[in-house]
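>>> need the 3D shape of this:
(chains A and B)
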Amino acid sequence: MSEAALPVVGSRPRLSADQVAMRAGLWLAVAFLALFLVLPLGTLLMRAFETPQGGFAGVANFRDYASTPALLAAAWNSLWTAALTAVVVVPLAFLYAYGLTRSCMPAKAAFRAVMMLPLLAPSLLPALALIYLFGNQGMLRGVLLGHSIYGPIGIVVAQVFYCFPSAALILAVALSTADARLYEAASALKASRVRIFRTVTLPGARYGLVSALVVVFTLVMTDFGIPKVIGGQFPVLATDVYKQVVGLQNFNMGAVVGIVLLAPAVLAYLLDRWATRQRAATLSGRAVPLRPLPRRQRDVPLLVLCLVIAAVLVGIVGVAAWGSLIRFWPYNLSLTLDNYDFARFDASGWDTVWLSVRMATLVAVIGTVIVFIIAYVLERGAQDGVLPKLARFAASVPLAVPGLVLGLAYVLFFNHPANPLGFLYGAVAILVLNSLVHFYTVGHLTAVTAIRQLDPEFEAVSASMRVPVWVTFGRVIVPICLPAILEIAVYLFVSAMTTVSAVIFLYGPDTKPAAIAVVHMDEAGQASAAAAMAVVILGITTAAKVGQLAVGAVVARLTQAWRR
Amino acid sequence: MTAPAPEIETLEDAARRARRDAPYLEVQEVGKQFGSFVALRRVNLEIRSGEFVTFLGPSGCGKTTLLRGIAGLDPPTTGRIMQGGRDITHLPPAERDFGIVFQSYALFPNLTVAENIAYGLRGAAWPKARRRERVAELLSIVGLADQAPKYPAQLSGGQQQRVALARALANEPGLLLLDEPLSALDAIVRQHLRQEIRSLQQRLGVTTIMVTHDQEEALGVSDRIVVMSRGRIEQVGTPAEIYDNPASPFVAGFVGHSSRIEAVVDTPPGIIIASGMKLVAEATRPLLYGARVTCFIRPEHVRLARLAEAPEGALSAVVTGLEYLGPVVRLSLEAGPLRLLAAVSPGEFAALEAAPGAAFAVTLPPEHLMVFVEDV
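So this is what the prediction gives:
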């Protein structure tokens, strides 16, 4: 019998229960991202091309934009303050990160903790502190030699504070992944320290530097709180969007400015993706970790520098905290807790704080579940077809979308009379969803990193033992990833507590978050109360972070015994 | 059939006999494509029940693809796979009957050794007591009875490998698949463990397929070896068949050491010319004058003698290098443009007083020249 003539009729391909589950998860992921990310952004795009009456405007709105000098000036202002902040903060962050990773200075853990401080506060807090110090009634006003803190100076200084941890984190990671063998090879070839720094250290960190520059630039471009509080008459893109939408009720022009704001953020995001990919390619799995040896000439100056930076970071928070306790700045410096009696300044009083806590808790709980399940399905599910690729791309998009733009997109999408999901508008749900989507990508990347460290064959082994994928997910995947899951939850909680830009268009009279109350009280001239509220937020987020450490230790004892 | 057949065979007997004689696993015309890359081309293979079969080949030859096809992890694009008379080509892994050990072992790091082994023992068929018994039994089979409460990270590589093996065998699968199970271990443990796997397999009688790129491993443990290259099966045979009668130049070159000689068929029949030197190769007798052939000879078949005692038809060769390997000494030789490997025992080596630069008479025994006609 000829083998070639053998009739080969096989059974049809059939999906197993596992595959059905994964496929369903994928569809849920796609539906979630489509409904709460793609469609709102699409609506925003369309609105930019509409007349106020709803007709097609072509590029007329953009032409209006380009012919309004005030708007163009704001775009230019945003660009140069962002660039200047990046140029100032990245070298500082590099030295700080260098001290953390490449020196033998003491108390590295404490320096690391202090470095994270700005991330725990709303961006308004440094701006308020600067006003205390350098504002019209500031005690150090003379330092500015007649210049006003309200405007570009205040914005850049506050942004440097606010962006410092993001840049330092990226650079610390970039610097900590060095290959000791390169340094050994360089010194065996008798290269001088300067030459080693120039030919090994800097090239190794260059993509980290690009990432840090890009991330800081985007953060400044898209931040709303700082220019709102300390920008004075200095217009930037973020405050322009707010003005167009809230002040002038011109949603179409708001959409146009939003797109103008989106463009550099998307460009920056693409550049960062490129840099990240390059960085991943330079890392070999066989790298030997570098252990710095003590050297006084390097360690002492770095320690001094880190001390100064840490002191400034703590100092700025301290000024805000102190200011919140002052009876009447700067005339009556006696201490009081009156500023914490928020009902005196804002009808909602402490309710805004509880609302924020409730909202941030919901974001953390719901968000962590959604983020982790979607990341799992995208990483471990079938990779064929366009759907996983699309979903993976969509999951990375929120990083490039400024909170204001996403918020505006939500207004336009969910407030549309024809939208059956309109009931979400004005409820806590929309604040939760918007914050969740806005901060989605970082959580997603954390989950993906954790999942990628798992053996790729766990599911295959389980299937061979006829154990369904959801059992393995519950018994193996989740327990192993618990530290990462906790980190995602706390990140989402802290971000949702502190965000202003994501929710400024979306809160209702009964759903005002604390960070928004800070803006309002500052607008009403109640700077001390605003500072008090910012300090309350900082207290809650710090408690969450400390809680993460405590819970993390317990979780580690209970579920991570196998790690050693 | 030499077995005395019964006078009258009932239908039931016939069916039983058919089952016994039929291969346990049949791979028919199986092909696999990833995009435009063809990983497997029309592969056919039959594996009998209880056999230990090894897929051997260089990386990228399709051996792992074929194994994953049999496991249902990457179902083939064409063809059919039958296991125990059942068409399993497109069954999801969970509905098949196999246990698998991966190169990485894929042990669940957060579960203890006992929990890992018990992982698949769930449902109504496995009440707690029975499960505990089975785990204890498996632990003693693989010699890890005292390691039950430990986590995988606390075990050595070899112990982890045994846990993976015990876990794969827990459900008493009809087929055991081993995907490069030993390649993460160091040489001595590897040699020891492969014999353990082999004796365990023989004790349990489980049909086993192992993927490896290590020919020594394949030769050492297999009932039959499937040599693969570029998505095709080059040869299927016992270790001795593969080593002594390779079916293709690829197999001759890949399995074991050998020297490759390009030659042309000359007259009289049975004589070939390699780089101007006359060699006797009985196998070329039926070939046409001028046909191009590729010959291989194993180092242990190359005979060396002092020049003074040169036998008839010997070539003169110079030693260019030597490797002292313990049981044998391997010599690199140059006979004019021909490069040859020869293996001699240390005793022979001492008697020959071979040193780099020394010249010897080399004979290539005609019966040991493995001859392949070149494809035109």
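>>> let me see the contact set for residue A:57.
A:49, A:50, A:51, A:252 (Cβ atoms under 8 Å, 6 or more residues apart in numbering or on different chains). The way it works is simple: take the backbone N, C-alpha and C, and place the C-beta from them, glycine included.
>>> same thing but 6 Å
Going by Cβ atoms under 6 Å, 6 or more residues apart in numbering or on different chains, residue A:57 touches A:49, A:50, A:51.
>>> and it, what pLDDT?
Residue A:57 carries a pLDDT value of 75.
>>> roughly how far does it sit from residue A:415?
20 Å (Cβ to Cβ, to the nearest Å).
>>> also residue A:259?
In terms of Cβ to Cβ, residue A:259 sits 19 Å off from residue A:415.
>>> looking at the two, which is more packed in?
Legend: neighbour count by other Cβ atoms under 10 Å in any protein chain shown for residue A:259 and residue A:415, higher for residue A:259 (20 against 17).
>>> which elements pack onto whichever helix or strand residue B:80 is part of?
Using DSSP states H and E, residue B:80 maps to strand B:78-83. The contact analysis (3 or more Cβ pairs under 6 Å, 6 or more residues apart in numbering or on different chains; DSSP states H and E) places strand B:78-83 against strand B:25-34.
>>> centre of the chain to the strand it packs on, how far?
Offset of strand B:25-34 from its chain centre (Cα atoms, centre = their mean, to the nearest Å): 19 Å.
>>> could you check whether it is close to chain A?
Yes: contact between strand B:25-34 and chain A, assessed by Cβ under 6 Å from any Cβ of the partner chain, occurs at residue B:29.
>>> in what helix or strand does residue 46 lie?
Answering for chain A, as no chain was given. Residue A:46 belongs to helix A:39-47, assigned by DSSP H and E.
>>> sorry, should have said chain B
Using DSSP H and E, residue B:46 falls in strand B:37-47.
>>> which outside residues touch that strand?
By Cβ under 6 Å, 6+ apart, strand B:37-47 touches A:3, B:23-32, B:53, B:62, B:65-66, B:231-233.
>>> tell me which element whichever residue of the stretch 201-350 of chain B sits closest to chain A is part of?
Relative to chain A, the nearest point of the stretch 201-350 of chain B is residue B:233 (11.7 Å; Cβ to the nearest Cβ). Assigned by DSSP H and E, residue B:233 falls within strand B:232-237.
>>> that strand - what's its average pLDDT?
Mean predicted confidence for strand B:232-237 is 94.
>>> counting by contacts, list what that strand packs against.
strand B:224-229, helix B:249-254.
>>> repeat that with 7 Å
Applying 3 or more Cβ pairs under 7 Å, 6 or more residues apart in numbering or on different chains; DSSP states H and E, we find strand B:232-237 packed against strand B:37-47, strand B:224-229, helix B:249-254.
>>> and the first one, average pLDDT?
When you say that, I think you mean strand B:37-47. 92.
>>> what lines up beside the helix or strand following it in the sheet?
The helix or strand immediately downstream of strand B:37-47 is strand B:52-56, counting by DSSP H and E. As defined by DSSP bridges, the strand partners of strand B:52-56 come to strand B:207-212 (parallel), strand B:224-229 (parallel).
>>> what does chain B put close to chain A?
B:28-29, B:44, B:71, B:73, B:75, B:78-80, B:87, B:89-90, B:92-95, B:98-100, B:102, B:104, B:106, B:108-110, B:119-120, B:122, B:151, B:153, B:171 (Cβ under 7 Å from any Cβ of the partner chain).
>>> could you flag which of those are buried?
Among the residues of chain B next to chain A, those buried by neighbour count (16 or more other Cβ atoms under 10 Å in any protein chain shown) are B:28-29, B:71, B:73, B:75, B:78-80, B:89-90, B:92-94, B:98-100, B:102, B:104, B:106, B:108-110, B:119-120, B:151, B:171.
>>> check contacts around residue B:234.
B:227, B:228, B:247, B:248, B:250, B:251 (Cβ atoms under 7 Å, 6 or more residues apart in numbering or on different chains).
>>> counting contacts, what elements does the helix or strand of chain A with the lowest mean pLDDT pack onto?
Least confident element among the helices and strands of chain A, by mean pLDDT, DSSP states H and E: helix A:251-282 (a mean of 79). When contacts are defined as 3+ Cβ pairs under 7 Å, 6+ apart, helix A:251-282 sits against helix A:39-47, helix A:60-66, helix A:202-222, helix A:237-242, helix A:403-414.
>>> which single residue of the stretch 1-150 of chain A ends up nearest chain B?
residue A:16 (2.9 Å).
>>> can you report phi and psi for residue B:174?
Here is the backbone geometry of residue B:174 (degrees, to the nearest 10): phi -80, psi -20.
>>> again, but for residue A:457
Per degrees, to the nearest 10, the backbone of residue A:457 is at phi -100, psi 10.
>>> separation between it and residue B:72?
Taken as Cβ to Cβ, the span from residue A:457 to residue B:72 is 13 Å.
>>> next: residue A:243.
61 Å.
>>> more neighbours, the two?
residue B:72 (23 against 18).
>>> if we can go back for a sec, now for the contacts of residue B:234: which two are most distant?
Using Cβ to Cβ, these reach their maximum pairwise distance at B:228 and B:247, which is 12.2 Å.
>>> more crowded one of the two?
A count of neighbours by other Cβ under 10 Å puts residue B:228 above the other of residue B:228 and residue B:247, at 29 against 16.
>>> do you know how far the more buried one is from residue B:56?
7 Å.
>>> neighbours of residue A:171, just the number please.
A count of neighbours around residue A:171, defined by other Cβ under 10 Å, yields 25.
>>> how about it: what's its closest non-neighbour residue?
residue A:97 (3.8 Å; Cβ to Cβ, 6 or more residues apart in numbering or on different chains).
>>> what number of residues lie near residue 169?
Unless you meant another one, I'm taking chain A. There are 18 residues near residue A:169, going by other Cβ under 10 Å.
>>> nope, chain B please
By other Cβ under 10 Å, 20 other residues sit near residue B:169.
>>> my guess is it contacts residue B:135. True?
No: Residue B:169 is beyond contact range of residue B:135, at 11.4 Å (criterion: Cβ atoms under 7 Å).
>>> which residue is nearest the middle of the chain?
Using chain A. The structure's chain A has its C-alpha centroid closest to residue A:439; by Cα atoms, centre = their mean the separation is 6.0 Å.
>>> let's do chain B instead
Centre-nearest of chain B using Cα atoms, centre = their mean is residue B:218, 3.3 Å out.
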